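J.: Predicted structure and sequence below. I'll ask about it afterward.
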Amino acid sequence: MSETAYLRNNFTKLEKAKETPQNKVPKIQKVASYLRDREHSKNHYLPRLVSIGPIDHGKRKLELGEKYKLMWTAKYLQRTKQDGPTLYQKIASNIKHLKEQFAEDVIRDFDGDDEKLSWTLFVDGCSLLQILEKANLEDRKEMNLKVDQLVLVCQDVLLLENQLPYEVLKLLSGHQNDDTLVNSMNKFLEFHHLPAAKDQCIGKYNNKEGDRALDEDGYASVYVNEETLDERKDLPFHLLDKFHRRVVGDSQHQNQDLTMMSTKRCFDTTTYRNIKELREAGIKLRLGKSRRLRDIVFSYRSNFLWAELILPEITVDDTTATTFHNLIAYEMCPDFENNFEISSFVAFMDSLIDHHEDVKELRLAKVLHNSLGSDEEVSQLFNTISADLVPNCAIYSGVRRQIENHYKKKYRAWIALGYHTYFSNPWAFIGFLAAIFALVLTFIQAWFAIHPKC
């Protein structure tokens, strides 16, 4: 076979491909095309007021945001008493290393123009630090924005394509240690509706001590305190990564027993039940103490006659769809090692929510706070976000199995049906007593009719 220049070039690429190193940290990259091309989600990845970083830099519709970023940079330099040229030089001197933290297609427009890229990272980095420390809805003078604009800015900086490497912020922050910078991230994220994971609920598969709710197979759910993320030594890759860790907890150090046990049951056949069917089977909803999204627990009460599905609190509002879309897009980045906690939570909630009646039950249990609008809108939101997701089946396999086992016990469904029919409200209970009383009277009347001399 004669080797042409075309073939030599392709075989050279083939040899280099096997030498491609695995990234130690996720690179700043674009949303995968198979996610972006979905009609219902593509707008959730686009900034509406400001771009941060090189991906959407210079877009015409974001010109107002470019002006704001110059203003915030000037305010940041003045507030921190730092010299602009000196701070810029920190970025320029490290630009070769910083470029390695972006995917190639992200900085393609900056090829050969390190000065332009350095300036972009300098301005956007200073602007983001100003946002993290001064984006206060009650005191907006440091941002010089209207409330509606500031809300858009706070949403824009949490988009996957609007991220800057942590090292950029560290170079520009002027802080000697990482604690101050990480704390400013935490303070900014406190105002988001997805709460931080303060504690952790871990499925126990042994006999260690703890407050537990055993199921029929001897499984338990135990609440334990775990060190918070701020006590860990590893640092976030960028702001969205910090947000992901804050919501799901320490996913890099999950309980191995839980993961292994769940994986063994990962392919169990289960029939997903919506909330209406679960209640008919005697499974009640209860708000859990844990705030972490993966802390969903099934437990029994009253000698296994009644069951509870314990769920973390969640608020649904106008930012929920965009937030979940970008967290899921981050989880699906090929170089981000994770357990797909957000994807799995959304998929689990979608399996529970089929109709607006299911959302109503979640509201009545105080598990879900609906700030979006109608219950139908919330139902549609979860059904839409969960489309085409591939969740980690190990995370909730134990809960799903327990629900399925309970659901198969028909006598429990009969007890639950009787309870909901006759004891769910005072009038139903009074009607039940009246029916029993009438039945007793009928029996007495029949007895005396048969035995008139008694």
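T.: Looks like it arrived, so ask away.
J.: Helix, strand, or coil at residue 284?
T.: Classification of residue 284 by DSSP: H, G, I helix; E, B strand; the rest coil places it in strand.
J.: would you list every one of the strands in the stretch 151-300 of the chain?
T.: Taking DSSP state E, counting those that start in this stretch, the strands of the stretch 151-300 of the chain run over residues 200-204, 220-224, 283-287, 297-301.
J.: Who are the packing partners of the last one?
T.: Spelled out, it's strand 297-301. With contacts defined as 3 or more Cβ pairs under 8 Å, 6 or more residues apart in numbering; DSSP states H and E, strand 297-301 has these neighbours: strand 220-224, strand 306-311, helix 397-408. C-betas here are computed from N, CA, C, even on glycine.
J.: Kindly recompute the last result at 6 Å.
T.: The contact analysis (3 or more Cβ pairs under 6 Å, 6 or more residues apart in numbering; DSSP states H and E) places strand 297-301 against strand 306-311, helix 397-408.
J.: where's residue 317 relative to residue 323, distance?
T.: Relative to residue 323, residue 317 is positioned 9 Å away (Cβ to Cβ, to the nearest Å).
J.: More neighbours: which of the two?
T.: Higher neighbour count among residue 317 and residue 323: residue 323, with 22 against 14, using other Cβ atoms under 10 Å.
J.: Packing partners of the helix or strand in which that one is found?
T.: Using DSSP states H and E, residue 323 falls within helix 320-331. Where contact means 3+ Cβ pairs under 6 Å, 6+ apart, helix 320-331 is packed against helix 341-352.
J.: what's in contact with the following helix or strand past the helix it packs on?
T.: Sequence-wise, the next helix or strand downstream of helix 341-352 (DSSP H and E) is helix 356-364. Helix 356-364 is contacted by residues 274, 275, 276, 368, 370, 375, 376, 378, 379 when judged by Cβ atoms under 6 Å, 6 or more residues apart in numbering.
J.: Direction included, what does the helix or strand following helix 356-364 pair against?
T.: Remark: after helix 356-364, the chain's next helix or strand is strand 368-370, criterion DSSP H and E. Strand 368-370 pairs in its sheet with strand 314-316 (parallel), by DSSP bridges.
J.: So what touches the helix holding residue 323?
T.: 31, 35, 41, 44, 159-160, 240, 244, 338, 340, 342-343, 346, 381, 385.
J.: Tell me the buried residues within the residues you listed.
T.: Buried by 16 or more other Cβ atoms under 10 Å: 31, 35, 41, 44, 159-160, 240, 244, 338, 340, 342-343, 346, 381, 385, out of these.
J.: Hmm, which of those is lowest in pLDDT?
T.: Within the buried ones among the contacts of helix 320-331, pLDDT reaches its minimum at residue 41, with 88.
J.: ok, it to residue 321 distance?
T.: From residue 41 over to residue 321 (counting by Cβ to Cβ), the distance is 8 Å.
J.: same deal with residue 288?
T.: 24 Å.
J.: can you check residue 30 too?
T.: For residue 30 relative to residue 321 (Cβ to Cβ), the value is 19 Å.
J.: Over to residue 5?
T.: For residue 5 relative to residue 321 (Cβ to Cβ), the value is 50 Å.
J.: Between these two, which is the more surrounded one?
T.: Taking neighbours as other Cβ under 10 Å, residue 5 and residue 321 compare with residue 321 leading, 19 against 7.
J.: circling back to that earlier point, now, which of the buried ones among the contacts of helix 320-331 sits nearest residue 104?
T.: Of all the buried ones among the contacts of helix 320-331, residue 104 sits closest to residue 31, with 15.9 Å by Cβ to Cβ.
J.: Now for that closest one: which residues touch it?
T.: With Cβ under 6 Å, 6+ apart, residue 31 has these contacts: 45, 160, 329.
J.: and these as a markdown table, adding distance to residue 438?
T.: Below are the contacts of residue 31 laid out as a markdown table (distance: Cβ to Cβ, whole Å):
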| residue | distance to residue 438 |
| --- | --- |
| 45 | 64 |
| 160 | 66 |
| 329 | 63 |
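J.: and of those residues, the nearest to residue 54?
T.: Among the contacts of residue 31, and counting by Cβ to Cβ, the member closest to residue 54 is residue 160, at 13.6 Å.
J.: In contact with that closest one, which residues are there?
T.: 31, 326, 329, 330.
J.: By neighbours, which of the residues you listed wins?
T.: residue 326 leads the contacts of residue 160 on contacts (other Cβ under 10 Å) with 26 neighbours.
J.: where does that residue land on pLDDT?
T.: pLDDT recorded at residue 326 is 96.
J.: same thing with the one 3 residues further on?
T.: pLDDT, residue 329: 96.
J.: Roughly how far does it sit from residue 114?
T.: Distance of residue 329 to residue 114, given as Cβ to Cβ: 28 Å.
J.: ok, the contacts of residue 160 vs residue 70, which is closest?
T.: residue 326 (25.8 Å).
J.: what about the closest one, distance to residue 43?
T.: 12 Å.
J.: go on, residue 180?
T.: 35 Å.
J.: again with residue 73
T.: Distance of residue 73 to residue 43, given as Cβ to Cβ: 28 Å.
J.: which of those two has more neighbours?
T.: residue 73 (22 against 12).
J.: For that one, which non-adjacent residue is closest in space?
T.: Excluding the flanking residues, the one nearest residue 73 by Cβ to Cβ, 6 or more residues apart in numbering is residue 126, at 4.1 Å.
J.: That's all I had, so thanks and see you.
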